[in-house]
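Participant: structure of the sequence below:
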Amino acid sequence: MTMAPSQVSDAGVSPRVERSYDYLIIDNERVRPERATVLDVVSPVDGRKIGSGVGAGPAEMDRAVAAARRAFDVGPWPRMSIEERRKVLLRAADLLDPIAEDLTRLATEENGALLRNRAGHISGRIRYFAGLDAPAPEVRVAATGETATIVHEPIGVVVAIVPWNAPIALSVTKMVPAMLAGCTVVLKPAPETPLTAYPLAEAFLAAGLPPGVLNVVPADREASEHLVRHPDVDHVSFTGSTATGKRVAALCAEHVKRVKLELGGKSPAIILEDATLDEVAPAVIAGGMLQNSGQACCAWTRILVPTARYDEALDAFASTVERIKVGDPRDPSTDLGPMISRQHREKVEGYVRLGEEEGAVAVKGAMPADLPGGWYTPPVVLARSTNQMRASREEIFGPVVSLIAYDGVDDAIAIANDSPYGLSAAVFTGDHELAGRIAGRLRSGTIGINSLAFNVEFPFGGYKQSGIGRQHGPEGLAEFYEVKSIAVRPGDPAAEIGAAEAGL
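Facilitator: Numbering: from 1, shown residues only. Purely as a prediction, here's the structure:
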């Protein structure tokens with residue numbers, strides 16, 4: 001059944017109305033899997049079922065890739081001008097405006113992130129990415145006299161794999177630049193958070209996407225691996241854990257296909273001697289355990305403070321943690337919401353116990369008695385930590401930070417860089433010149449000076465095991481292009497023809 005534009009008009013959702021989908025979106029049609037796997041969605045807010053999706057199997061993955069391949073190889077989308085594609089994407093943003101509030105409430109129900117941090121970001125993010133310009137063609141003359149026209153072409157069929165911690169934002173971040181470039185997309189939502197993908201995708205289809213340009217296939221690990229290793233996929237854009245990212249990279253290597261990985265982190269925040277701790281502590285906590293309840297890859301989870309000020313820093317951070325309100329993420333007064341699942345909460349609490357076994361002292365915030373069920377855990381500062389403890393080296397993905405002492409700037413930089421990760425970092429000081437020098441020595445993809453510095457206009461990605469490639473900004477769009485050189489001999493009139501066809 002072909003999907004009609006009118007389906008977008010009733011896509012608004014209530015947080016207490018069960019929202020269920022028994023179909024996938026393939027080739028602009030609702031497709032019911034041959035062997036349906038029901039993906040029940042249980043809200044971490046209160047432990048109640050709020051809806052269900054359906055999981056794709058290998059047969060549906062093949063069908064989705066075939067639709068995307070056909071749309072890229074012979075369909076109109078890659079052959080439209082970038083301005084024509086831009087108009088369709090901006091039209092989708094307009095269609096999403098009326099349902100943005102309901103959609104963000106559904107996202108909060110799905111994964112427990114604070115509602116107040118979500119409102120209004122969907123359409124703005126789409127409009128930013130849709131407004132980017134393609135890399136310009138260039139005529140380049142070599143020292144030998146040869147002339148080449150350098151052009152950028154869409155890479156082809158893109159698989160976009162999004163995690164549960166930011167399903168809407170990361171779906172938009174991957175699929176909008178890919179489609180703007182002229183690629184076709186198979187979107188694979190996480191099985192924990194499939195519900196928001198449907199109204200989001202239906203808005204794009206209603207905006208005028210040709211068949212096969214955007215396909216939605218939630219799935220478990222086995223079917224997802226089948227999708228990633230499919231020989232007709234040209235590029236995989238994955239966000240998730242480093243362990244899973246390594247598996248994705250290995251599968252992509254089978255066909256030497258392009259892969260972009262945005263993976264884990266154990267990000268340091270260096271507090272220098274001159275910092276005012278009562279001011280800095282709340283800012284560091286906000287950029288650490290309060291980012292999506294600590295379930296954020298770029299959260300600052302190693303806090304480095306001068307040895308001479310350690311006790312003073314501990315008092316400031318303990319006082320900050322004591323003021324954190326744990327509660328319902330729909331309540332605007334809440335600071336810290338739940339973990340995504342009971343199993344994940346147990347993992348986080350297990351790391352706190354491990355930290356204590358390793359010699360750290362757990363300073364915990366309060367847990368209210370009137371929580372609405374769900375999977376809540378208190379914020380924790382692991383005081384007296386060292387950088388060699390497992391709780392300081394492994395990604396916990398929860399509201400837990402390690403407070404680590406250092407002796408001198410060189411020692412702070414050495415500790416910060418002594419990690420398998422390199423996604424994010426921060427320096428807090430009033431000495432901007434010194435902060436800049438420190439930033440230049442940190443092996444991290446994003447570094448904030450007295451701020452989080454996370455913005456869709458700035459390229460984002462990691463060093464080391466935090467990933468490959470960049471998203472956000474023009475750099476994120478460039479990931480979805482192949483670069484081609486068309487060279488001719490000196491004096492050959494084909495050089496002029498090539499330049500004309502490239503618009504130069």
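
Participant: quick check: residue 281 is in a helix.
Facilitator: Yes: counting by DSSP: H, G, I helix; E, B strand; the rest coil, residue 281 is part of a helix.

Participant: could you report the separation of the nearest residue to it once chain neighbours are set aside from residue 399?
Facilitator: Leaving aside its chain neighbours, residue 281 sits nearest to residue 316 (4.0 Å; criterion: C-beta to C-beta, 6 or more residues apart in numbering). All C-beta atoms are positioned from the backbone trio N, CA, C, and that covers glycine. Going from residue 316 to residue 399 by C-beta to C-beta, to the nearest Å gives 17 Å.

Participant: how about residue 288?
Facilitator: From residue 288 over to residue 399 the distance is 8 Å, taken as C-beta to C-beta.

Participant: residue 316 and residue 399: which is more packed in?
Facilitator: residue 399 (33 against 23; other C-beta atoms under 10 Å).

Participant: in this structure the more buried one contacts residue 290, no?
Facilitator: Yes: look at residue 399 against residue 290 with C-beta atoms under 8 Å: they come within range, at 7.5 Å.

Participant: residues shared between the contacts of those two?
Facilitator: residue 336 (C-beta atoms under 8 Å, 6 or more residues apart in numbering).

Participant: coming back round to it: what sits in contact with each of residue 288 and residue 399?
Facilitator: residue 294.

Participant: can you show me the helices along the stretch 51-200 of the chain?
Facilitator: When secondary structure is read from DSSP state H, counting those that start in this stretch, the stretch 51-200 of the chain shows helices at 58-73, 82-96, 100-111, 121-130, 167-181, 197-206.

Participant: minimum distance to residue 413: which of those helices has it?
Facilitator: helix 167-181 (30.5 Å; C-beta to C-beta).

Participant: next one: the closest one to chain centre, how far?
Facilitator: Remark: helix 167-181 is offset 10 Å from the chain centroid, using C-alpha atoms, centre = their mean, to the nearest Å.

Participant: what mean pLDDT does that helix get?
Facilitator: For helix 167-181, the mean per-residue pLDDT is 97.

Participant: in CSV, list the C-alpha atoms belonging to it.
Facilitator: C-alpha atoms of helix 167-181 as CSV (Å, rounded to 0.1, in the frame of the first residue of the first chain):
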residue,chain,number,x,y,z
PRO,A,167,16.9,8.5,18.0
ILE,A,168,15.4,11.6,16.4
ALA,A,169,18.5,13.8,16.4
LEU,A,170,20.8,11.1,15.0
SER,A,171,18.3,10.0,12.4
VAL,A,172,18.1,13.5,11.1
THR,A,173,21.9,14.0,11.4
LYS,A,174,22.5,10.9,9.2
MET,A,175,19.7,10.8,6.7
VAL,A,176,19.2,14.5,5.8
PRO,A,177,22.8,15.2,4.6
ALA,A,178,22.9,11.8,2.9
MET,A,179,19.6,12.6,1.0
LEU,A,180,20.7,16.2,0.2
ALA,A,181,23.9,14.7,-1.4
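
Participant: quick check: which element contains residue 404?
Facilitator: Taking DSSP states H and E as the definition, one finds residue 404 inside strand 400-406.

Participant: chain center to that strand: distance?
Facilitator: 25 Å.

Participant: tell me the angle of the helix or strand following it relative to strand 400-406?
Facilitator: Downstream of strand 400-406, the next assigned helix or strand under DSSP H and E is helix 409-417. Helix 409-417 runs at 150 degrees relative to strand 400-406, counting by axes from the mean of the first three to the mean of the last three C-alpha atoms, to 10 degrees.

Participant: which helices and strands does helix 409-417 pack with?
Facilitator: Packed against helix 409-417 by the contact rule (3 or more C-beta pairs under 8 Å, 6 or more residues apart in numbering; DSSP states H and E) you find strand 267-271, strand 300-306, strand 400-406, helix 432-441.

Participant: and the second one, how far out from the chain middle?
Facilitator: What separates the centre of strand 300-306 from the centre of its chain is 23 Å, taken as C-alpha atoms, centre = their mean.

Participant: quick one on the thing from earlier: out of the helices of the stretch 51-200 of the chain, which is closest to residue 297?
Facilitator: Going by C-beta to C-beta, the one of the helices of the stretch 51-200 of the chain nearest residue 297 is helix 167-181, 10.6 Å.

Participant: so which of the helices and strands packed on helix 409-417 comes closest to residue 91?
Facilitator: For the helices and strands packed on helix 409-417, proximity to residue 91 was assessed by C-beta to C-beta; strand 267-271 is nearest, at 37.5 Å.

Participant: when you compare where that closest one runs with where helix 409-417 runs, what's the angle?
Facilitator: Relative orientation of strand 267-271 and helix 409-417, computed by the same axes, to 10 degrees: 160 degrees.

Participant: give the pairing partners of strand 267-271; include direction for each.
Facilitator: Sheet partners assigned to strand 267-271 using DSSP bridges are listed as strand 300-306 (parallel), strand 424-428 (parallel).

Participant: other residues contacting that strand?
Facilitator: Contacts to strand 267-271, defined as C-beta under 8 Å, 6+ apart, come from residues 277, 280, 284, 287-288, 298-306, 313, 406, 412-413, 415-416, 419, 421, 423-429, 438, 442, 444.

Participant: sorry, back to before: and among the helices and strands packed on helix 409-417, the most buried is which?
Facilitator: strand 267-271 (a mean of 28; mean count of other C-beta atoms under 10 Å).

Participant: one step back: what is the mean pLDDT for the strand holding residue 404?
Facilitator: Model confidence over strand 400-406, given as mean pLDDT, is 98.

Participant: one more: stretch 194-210?
Facilitator: 97.

Participant: cool, stretch 452-462 as well?
Facilitator: Mean pLDDT, stretch 452-462: 93.

Participant: do stretch 377-389 as well
Facilitator: Here stretch 377-389 scores 98 as its mean pLDDT.

Participant: what comes up buried for it?
Facilitator: For stretch 377-389, a neighbour-count test (16 or more other C-beta atoms under 10 Å) marks 377-385, 387, 389 as buried.

Participant: likewise stretch 240-259?
Facilitator: With burial defined by 16+ other C-beta under 10 Å, the residues of stretch 240-259 counted as buried are 240, 242, 244-245, 247-249, 251-252, 257-259.

Participant: and for stretch 108-116?
Facilitator: 108-115.

Participant: pull the CA atoms of that stretch into PDB?
Facilitator: What follows is stretch 108-116 as a C-alpha-only set of coordinates in PDB (Å, rounded to 0.1, in the frame of the first residue of the first chain):
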ATOM      1  CA  THR A 108      11.000  11.000  26.100                       C
ATOM      2  CA  GLU A 109       8.600   8.200  26.700                       C
ATOM      3  CA  GLU A 110      10.800   5.900  24.600                       C
ATOM      4  CA  ASN A 111      14.200   6.500  26.200                       C
ATOM      5  CA  GLY A 112      13.700   8.700  29.300                       C
ATOM      6  CA  ALA A 113      15.700  11.700  28.200                       C
ATOM      7  CA  LEU A 114      14.600  15.100  29.600                       C
ATOM      8  CA  LEU A 115      11.700  16.600  27.700                       C
ATOM      9  CA  ARG A 116      12.800  20.100  28.300                       C
END
